[in-house]
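Chemist: kindly generate the corresponding structure for this input.
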Amino acid sequence: MQIEKKDIRALTKEQLRQFFTANGDKAFRGNQVYEWLWQKRAHTFEDMTNVSKETRAMLEDNFVINHIKVDTLQRSEDGTVKNAVRLHDDLIVESVLIPTETRTTACVSSQVGCSLDCNFCATARLKRMRNLEPGEIYDQVAAIDNESRLYFDRPLSNIVFMGMGEPLMNYPNVMKAIDMITSTEGLGMSPKRITVSTSGIPKMIKKMADDAVKFKLAVSLHSAVEEIRNEIMPFTKNFPLTDLRESLEYWYRKTKSKITYEYVVWKGINDDKKSIDALVKFCKYVPCKVNLIEYNPIDDGIFQQANEQAINAYLEALEKSNIVAKVRRSRGKDIDAACGQLANKS
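Modeler: Model prediction:
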């Protein structure tokens, strides 16, 4: 019976060093291989050119590198790049490169499908198949960094976890991936340039605060009226706004880091004065800013983009209360660039 080989990137550097000493080689060989896996982004053992053929053959006999493959790449007229990413088991996730004049941002996935049930989200219609491994998350970022250098002649500047899946439902793997992305032995990016976006899971927000993470937090709020929030995001019945508020206050006390609220205004759903007043009130609990997001309908259903007057009413009310707010326009419309719990936000 054939034994399934382990992905070598699941090993720590110390475990790699131990593997080599246990196999009669020197420990420093583990350092070499670790550098190839992460900093040099090797896709195969054959890529490791300063490692002997015998050693590469031994690695091949014992391990695999479950590297992603960009299956299809689409470029929008506005410069947005969408990757359909094929995983080692042939499942597909998406990642997106979003350029502006001053930065390039990677929007990455954390799960295949999603375990939540937000009614407005295309990803929610796919059942969650599995969590992504740390290496698979890392690979999405590395691929987009390469694309940023190729198409825009500059390295990747920012990362948002707003792709497929709920990052806090894959917490250990997301944290390990961020550790490698920010490590000098990996991509060496600053954690301050990373934002993790959640639909709002209070106990995990508190855990992040307790873990003293250095990245930024965004919450896909979409309504500060309990009944409306429960209607559009049914899972939130288990996470009421009072619990969310408490966890965000806890986050801010521990981290002193502002929160970003991601908020779509839909026609006939949350475009009324009651919804505006509720958001303004919620924003006063914790220092924050609000991104009002343009929505591209995923079908002809009830979720339709609100008109400009409704957006402007939100902006005026927020600004009047000294709450920073801006409108984020959808990017990559001509390629249907999926990004986030919204399937198209950028």
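
Chemist: remind me, longest helix of this structure?
Modeler: Identified as the longest helix of the chain according to DSSP state H is helix 134-152.

Chemist: run the chain-centre distance for the helix or strand that that helix is followed by.
Modeler: Next in sequence after helix 134-152, counting helices and strands by DSSP states H and E, comes strand 158-161. Relative to the mean C-alpha coordinate of its chain, strand 158-161 is positioned 6 Å out (C-alpha atoms, centre = their mean, to the nearest Å).

Chemist: run through the neighbouring helices and strands of strand 158-161.
Modeler: strand 104-107, strand 194-198 (3 or more C-beta pairs under 8 Å, 6 or more residues apart in numbering; DSSP states H and E). Glycine gets a C-beta too; all of them are placed from N, C-alpha and C.

Chemist: the longest one versus helix 134-152: what angle between them?
Modeler: This means strand 194-198. Angle of strand 194-198 versus helix 134-152, following axes from the mean of the first three to the mean of the last three C-alpha atoms, to 10 degrees, is 120 degrees.

Chemist: out of the helices and strands packed on strand 158-161, deepest packed?
Modeler: Most buried of the helices and strands packed on strand 158-161, by mean neighbour count (mean count of other C-beta atoms under 10 Å): strand 104-107, with a mean of 26.

Chemist: which one is Met233 nearest to, not counting chain neighbours?
Modeler: Cys118 (4.8 Å; C-beta to C-beta, 6 or more residues apart in numbering).

Chemist: what does Ser157 give?
Modeler: Excluding the flanking residues, the one nearest Ser157 by C-beta to C-beta, 6+ apart is Arg103, at 4.1 Å.

Chemist: so the one you found touches Asn158, yeah?
Modeler: Yes: between Arg103 and Asn158 there is a contact under C-beta atoms under 8 Å: 5.6 Å.

Chemist: would you double-check that Val85 falls in a strand?
Modeler: Yes: assessed with DSSP: H, G, I helix; E, B strand; the rest coil, Val85 lies in a strand.

Chemist: out of the helices and strands packed on strand 158-161, flag the one nearest Tyr151.
Modeler: Among these, strand 104-107 comes nearest to Tyr151, with 8.6 Å by C-beta to C-beta.

Chemist: note down every partner strand of the closest one and its orientation.
Modeler: On the basis of DSSP bridges, the sheet neighbours of strand 104-107 come out as strand 92-99 (antiparallel), strand 158-161 (parallel).

Chemist: switch the ones you listed over to CSV; also include mean neighbour count, mean pLDDT and distance to Asn131.
Modeler: Shown next, in CSV, are the strands paired with strand 104-107 (neighbours: other C-beta atoms under 10 Å; pLDDT from 0 to 100; distance: least, C-beta to C-beta, whole Å):
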stretch, mean neighbour count, mean pLDDT, distance to Asn131
strand 92-99, 24, 94, 11
strand 158-161, 24, 97, 13
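
Chemist: now these in JSON lines, with distance to Pro191?
Modeler: Shown next, in JSON lines, are these (distance: least, C-beta to C-beta, whole Å):
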{"stretch": "strand 92-99", "distance to Pro191": "19"}
{"stretch": "strand 158-161", "distance to Pro191": "10"}
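
Chemist: nearest to Lys258, out of those?
Modeler: strand 158-161 (15.4 Å).

Chemist: residues in contact with that closest one?
Modeler: Outside of strand 158-161, the residues within contact range by C-beta atoms under 8 Å, 6 or more residues apart in numbering are 103-108, 110, 141, 167, 174, 181, 189, 193-197, 218, 339-340.

Chemist: quick one: buried residues of stretch 221-236?
Modeler: In terms of neighbour count (16 or more other C-beta atoms under 10 Å), stretch 221-236 has its buried residues at 221-225, 228-233, 235-236.

Chemist: how about these in TSV, adding pLDDT?
Modeler: Output for the buried residues of stretch 221-236, formatted as TSV (pLDDT from 0 to 100):
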residue	pLDDT
Leu221	96
His222	94
Ser223	95
Ala224	96
Val225	97
Ile228	95
Arg229	94
Asn230	93
Glu231	91
Ile232	91
Met233	88
Phe235	86
Thr236	89
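
Chemist: secondary structure and distance to Leu91 added to those, as a markdown table?
Modeler: Listed next are those as a markdown table, based on DSSP: H, G, I helix; E, B strand; the rest coil; distance: C-beta to C-beta, whole Å:
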| residue | secondary structure | distance to Leu91 |
| --- | --- | --- |
| Leu221 | coil | 30 |
| His222 | coil | 28 |
| Ser223 | coil | 32 |
| Ala224 | coil | 35 |
| Val225 | coil | 37 |
| Ile228 | helix | 34 |
| Arg229 | helix | 31 |
| Asn230 | helix | 31 |
| Glu231 | helix | 31 |
| Ile232 | helix | 27 |
| Met233 | coil | 25 |
| Phe235 | helix | 23 |
| Thr236 | helix | 27 |
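
Chemist: nearest to Gln39 among those?
Modeler: Closest approach to Gln39 among these (C-beta to C-beta): Leu221, at 37.7 Å.

Chemist: tell me the contacts of that closest one?
Modeler: Applying C-beta under 8 Å, 6+ apart to Leu221 gives the contacts 200, 229, 261-263, 279, 282.
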